[in-house]
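Colleague: Provide a 3D model corresponding to the input given below.
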Amino acid sequence: MVEKAEFEFGDVSSETVQAIMEEEELTEKQKEIARLRAAEKFMLRDTGDAKCRACGYVYKAETGDGMVPRNTPFQLLPDTYACVSCKSPKAFFDPIQIEVAGFADNQEFGFGSNTWTEGQKSNAIFGGLAFFFLLLMSGYALN
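Modeller: Next up, the predicted model:
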């Protein structure tokens, strides 16, 4: 049987021990952060647009194309639809989706603003700030 050899490196200062303990604590926090990030599932919302994998043509719902009327989402197009530029079938298109800020589990809560995109939330916040600033300045204009 082989015995384990034990090594002695001398005394370790309390500052070194404290630094090692803080480092171990940070790694535990980092593990928890990584676990929570892995559990994040953001909501993806279809825009009604789609991109052809074969040629890169982008179908836009708001403009349609030559044979499809405007404001027709890609999901409502018939299965016989073909790409305008390369004639690929509808199955060769990938839907274009946007990521909605916030977790997918939390989208049904609140006043409906949970389903807003990041840009819509920014517009609401900064638009509100601009409105109240103008309201404040209009008070000075009354004098």
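
Colleague: Show me the shaky parts of this structure.
Modeller: Counting by pLDDT under 70, the ranges of the chain that qualify are 1-12, 17, 20-26, 39-41, 101-108, 112.

Colleague: from the chain's centre, how far out does stretch 63-79 sit?
Modeller: Relative to its chain's centre, stretch 63-79 lies at 27 Å (Cα atoms, centre = their mean, to the nearest Å).

Colleague: Going by neighbour count, which residues in that stretch are buried?
Modeller: 65, 68, 72, 74, 77 (16 or more other Cβ atoms under 10 Å). No exception for glycine: its C-beta is placed from N, CA and C like everyone else's.

Colleague: Put together CSV for those, with secondary structure on each row.
Modeller: As requested, these are arranged in CSV below (DSSP: H, G, I helix; E, B strand; the rest coil):
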residue, secondary structure
65, coil
68, coil
72, coil
74, helix
77, coil
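
Colleague: For those, which two are the farthest from each other?
Modeller: Using Cβ to Cβ, the buried residues of stretch 63-79 reach their maximum pairwise distance at 65 and 74, which is 10.7 Å.

Colleague: Please identify the helix or strand for the residue nearest to the spatial centre of the chain.
Modeller: Among the residues of the chain, the one closest to the centroid is residue 99, at 4.2 Å (Cα atoms, centre = their mean). Per DSSP states H and E, residue 99 falls inside strand 93-103.

Colleague: Can you list the helices and strands that that strand packs against?
Modeller: Helices and strands touching strand 93-103, by 3 or more Cβ pairs under 8 Å, 6 or more residues apart in numbering; DSSP states H and E, are strand 42-52, helix 118-141.
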